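Visitor: What follows is a predicted protein model with its sequence.
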Amino acid sequence: MKKKGRGSNEKKRFGKLSFLSVIALLLSAVLIVSAPATAFANLYEGKGDINGDGVVNYDDYELLRMYVLGMIRLNSGQLEQADINDDGVVNPIDMQLLYILISLNTNSTVF
Ligand SMILES: [Ca+2]
Ligand SMILES: [Ca+2]
C-alpha cells in the first residue's frame, strides 16, 4: 500500500518533469528554426522571381522545375533569378532552395 503510493508519486513527478522538458525542447526548436529561417530568407533576397511578376511563389518554382527538366528555356534575366545560390548553374539545388524560400514566404511549414 505504502510502496504503491510512493511509486505513483514518483511517476507523477517524472510526468511533470518530462512535460517541462518537452516545452523547453519545443521552445529551443522554435528559436533554432526561426533564426536561420530569417537569415536564409535575407541571404536569397531578390532571387527567385523567375516570371517577373514581383512575387516569389509556386509559379516561379514551376518554371524552375520545367527548366531543370529541360522542358522550357529561360532568358538571361530569368536565369539570374533562377540561380538562387548564385553559383552560375541552375540545377535541382536551386529548386530545393526556391522551394524553401517559397515555404518561408507563405509561412507554410516545410518542417
Ligand atoms: Ca514570380
Ligand atoms: Ca545555382
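Guide: Happy to help now that I have it. Ligands and ions are numbered 1, 2, ... in the order given.

Visitor: domains of the protein?
Guide: Domain assignment for the chain by automatic domain parsing gives 1-41, 44-111.

Visitor: okay but Asp59 is in contact with Gly52, surely?
Guide: No: assessed by C-beta atoms under 8 Å, Asp59 is found out of contact with Gly52, at 10.5 Å. C-beta coordinates here come from the backbone N, C-alpha and C atoms, glycine included.

Visitor: More neighbours: the two, which one.
Guide: Regarding Asp59 and Gly52, a neighbour count based on other C-beta atoms under 10 Å identifies Asp59 as having more, with 14 against 11.

Visitor: downstream neighbour of the helix or strand encompassing the more buried one in the secondary structure list?
Guide: When elements are assigned from DSSP states H and E, Asp59 belongs to helix 58-68. The element immediately downstream of helix 58-68 (helix or strand, assigned by DSSP H and E) is helix 76-82.

Visitor: How about residues contacting stretch 74-89?
Guide: Residues from elsewhere that reach stretch 74-89, judged by C-beta atoms under 8 Å, 6 or more residues apart in numbering: 44, 47-52, 60, 63-64, 67, 90, 93-94, 97-98, 101.

Visitor: From these, keep the buried residues only.
Guide: In the contacts of stretch 74-89, burial by neighbour count holds for 44, 47-51, 60, 63-64, 67, 90, 94, 97-98, 101, counting by 16 or more other C-beta atoms under 10 Å.

Visitor: Show the average pLDDT along the helix or strand hosting Ala35.
Guide: Assessed by DSSP H and E, Ala35 sits inside helix 2-43. Averaged across helix 2-43, the pLDDT comes to 70.
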